[in-house]
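Kindly return the folded structure for what I paste below:
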Amino acid sequence: QLSMVAYTTVLPIMHVTEAYAKWSGRINRQIYQHYSDAMSAANEAIANVRTVRAFSAEPAEASRVAGHLSTALAKGIRDSCLGALASMFNNYLDLGAGVLIL
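Numbers count the residues shown, from 1 in each chain. Next up is the predicted model:
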């Protein structure tokens, strides 16, 4: 009976971990894409520094880069919060099974 208690916790842990891993992989790809877009915008502004300065477009270019980085930050915060929730669920389920077994 004790092994059945242990086995009943394995399936939910595997399911939650798999679902979070798939979702997190997609979000992390998007985060790195936003980083790439921000660096692309920064490199473009640096390459065309004379034009940017001639039209006093420094704030516009800075806000363009900051927009990409803030989007990446928001997605990173969401990813870390859901990662913490998934880890908490797995740990409490494991703890509950350990308490029932002992």
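
And the lengthiest helix in the chain, how far out from the chain middle?
Longest helix in the chain, counting residues (DSSP state H): helix 2-47. Using CA atoms, centre = their mean, to the nearest Å, the mean C-alpha position of helix 2-47 is found 6 Å from that of the whole chain.

Same question for stretch 77-88.
9 Å.

what comes into contact with it?
Contacts with stretch 77-88, where a contact means CB atoms under 8 Å, 6 or more residues apart in numbering, come from 16-17, 20, 23-24, 27-28, 31. C-beta here means a position set from N, CA and C on the backbone, and glycine is covered the same way.

Let me see the mean pLDDT of that stretch.
For stretch 77-88, mean pLDDT rounds to 98.

before we move on, what about stretch 50-69?
Rounded mean pLDDT across stretch 50-69 is 94.

Straight-line length of it, end to end?
24 Å (CA to CA, to the nearest Å).

Just checking the distance from that stretch to the centre of its chain.
So, by CA atoms, centre = their mean, the centroid of stretch 50-69 is 27 Å from its chain's centroid.

Any buried residues in that stretch, and which?
52, 61, 64-65, 68-69 (16 or more other CB atoms under 10 Å).

Kindly report the same for stretch 83-101.
Buried residues in stretch 83-101 (16+ other CB under 10 Å): 86, 90, 93, 97.
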